[in-house]
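Asks: sequence first, then the predicted structure, then my questions.
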Amino acid sequence: MAHLIKLEDYISRYQFDIHRYPSQFTRLKKERWHNLKLEWELGENPLNAEVEHAIEKEEQSKWKQAIQKLKSFRTTKQEFEIIEETPIEPPLRERVETIEELKAMFRNELFLSQLKWASTSLLEQSRMNPKYKYDELLRTLTLNIPDNYFLMYRPIFLIKQAPVDFDLVLIGPTTIYCIVVLEGRDNSLFEGSSERFWTEYRSGKEKKVLSPYLALNRMAGILVDILATEDVNFPIKKIVLAPNHIVDYSSANMPFEIVDRRVYAQWFEKIVRQPTPIKSTQIKVTKALLHYCHTTAYKRQEVIEDE
């Protein structure tokens, strides 16, 4: 499961400690599956209520400790490095008959947990658009790409005090994938070229659409500048992603890769089977990119009540 480290301009706990949170989420994911599977195999677990109560009590204690720290110091960088040990703990809300149903429920829990991690920190939270709970592309990428990848989904970068909207940035162990999603009606045929506009064909009709390469080139240029500023050398691949369309490109010298529905499965399989673990340079790159991301957040209600 990929780490969803940035969603729009929402606050993310990953931005406070990119070194720790990936391994923490992976550990909690394994623990959650072990406990969930055990509970399902044993049936009703009479200790479940006690476990939930213990977790709640532990979390309350951590909140009090965090608030005490917040009151003891000025608003400095250190305060925002307070991290939260939040287990993935949605209870088993319904009986499931097969292990496959249990896995499906577990995967849904994980996805919702990643949305939470990508929109809250210990002290703050952002107003997440509920549409992301039903975003099929986000769900597919997050759940099926392995945890040696970091995903930025529709992030907003702040460049020279100006917000810049991105599509997707997927940071792998050896490569950054700078991705623009080609929007259009399902099963459309796109005719692309080096010109400013492409043509979309569907049901005997055609219309002009802005070339995705314009946004892709702008995004990649910003990433190059950030890496140069941070003195990091890391390959960047530019991709037009069109899993529901066919794209024909007329120029022989294509300055980017097109991943349409004809090659999407193979491309995705190649990403999924990347065996390289998370690398130190990958962490450094990710930290640098998060530093340039815009964030909009407000204090969590628990913090306000304890002030």
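Replies: Received the coordinates, thanks. Numbers count the residues shown, from 1 in each chain.
Asks: what bits of the stretch 1-150 of the chain have low per-residue confidence?
Replies: Across the stretch 1-150 of the chain, the ranges flagged by pLDDT under 70 are 44-95.
Asks: show me the helices in it, by range?
Replies: Applying DSSP state H, counting those that start in this stretch to the stretch 1-150 of the chain gives helices spanning 21-42, 48-72, 99-117, 136-144.
Asks: residues contacting whatever helix or strand comes next after the shortest one, please?
Replies: Moving toward the C-terminus from helix 136-144, the first helix or strand encountered (DSSP states H and E) is strand 150-153. Strand 150-153 has contacts (CB atoms under 8 Å, 6 or more residues apart in numbering) with 2-8, 14, 18, 22, 118, 138, 141-142, 145, 166, 168-171, 282, 286, 289, 293. In this view, the C-beta of every residue, glycine as well, is placed from N, C-alpha and C.
Asks: render the CA-only coordinates of strand 150-153 in PDB, please.
Replies: Extracted in PDB, the C-alpha atoms of strand 150-153 (Å, rounded to 0.1, in the frame of the first residue of the first chain):
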ATOM      1  CA  PHE A 150       5.100   7.900  -1.700                       C
ATOM      2  CA  LEU A 151       2.100   9.400  -3.400                       C
ATOM      3  CA  MET A 152       1.100  13.000  -3.700                       C
ATOM      4  CA  TYR A 153      -2.400  13.300  -5.000                       C
END
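Asks: of the contacts of strand 150-153, which belong to strands?
Replies: H3, L4, I5, K6, L7, L168, V169, L170, I171 (DSSP state E).
Asks: partner residues bridging A242?
Replies: D260 (DSSP bridges).
Asks: do you know how far it is from L214?
Replies: 16 Å (CB to CB, to the nearest Å).
Asks: quick one, which of those two is more surrounded?
Replies: More crowded of A242 and L214, by other CB atoms under 10 Å: A242, with 24 against 12.
Asks: contacting residues around the more buried one?
Replies: Contacts of A242 by CB under 8 Å, 6+ apart are V181, L182, G184, F190, I258, V259, D260, R261, Y264.
Asks: circling back: turn the ones in strands among the contacts of strand 150-153 into a markdown table, columns for distance to Y149.
Replies: Formatted as a markdown table, these follow (distance: CB to CB, whole Å):
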| residue | distance to Y149 |
| --- | --- |
| H3 | 7 |
| L4 | 10 |
| I5 | 10 |
| K6 | 13 |
| L7 | 15 |
| L168 | 11 |
| V169 | 11 |
| L170 | 6 |
| I171 | 7 |
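Asks: where does the residue nearest to S251 when sequence neighbours are not counted fall, secondary structure wise?
Replies: In this structure, S251 finds its nearest non-sequential neighbour in S194, 5.1 Å apart by CB to CB, 6 or more residues apart in numbering. Using DSSP H and E, S194 sits within no helix or strand.
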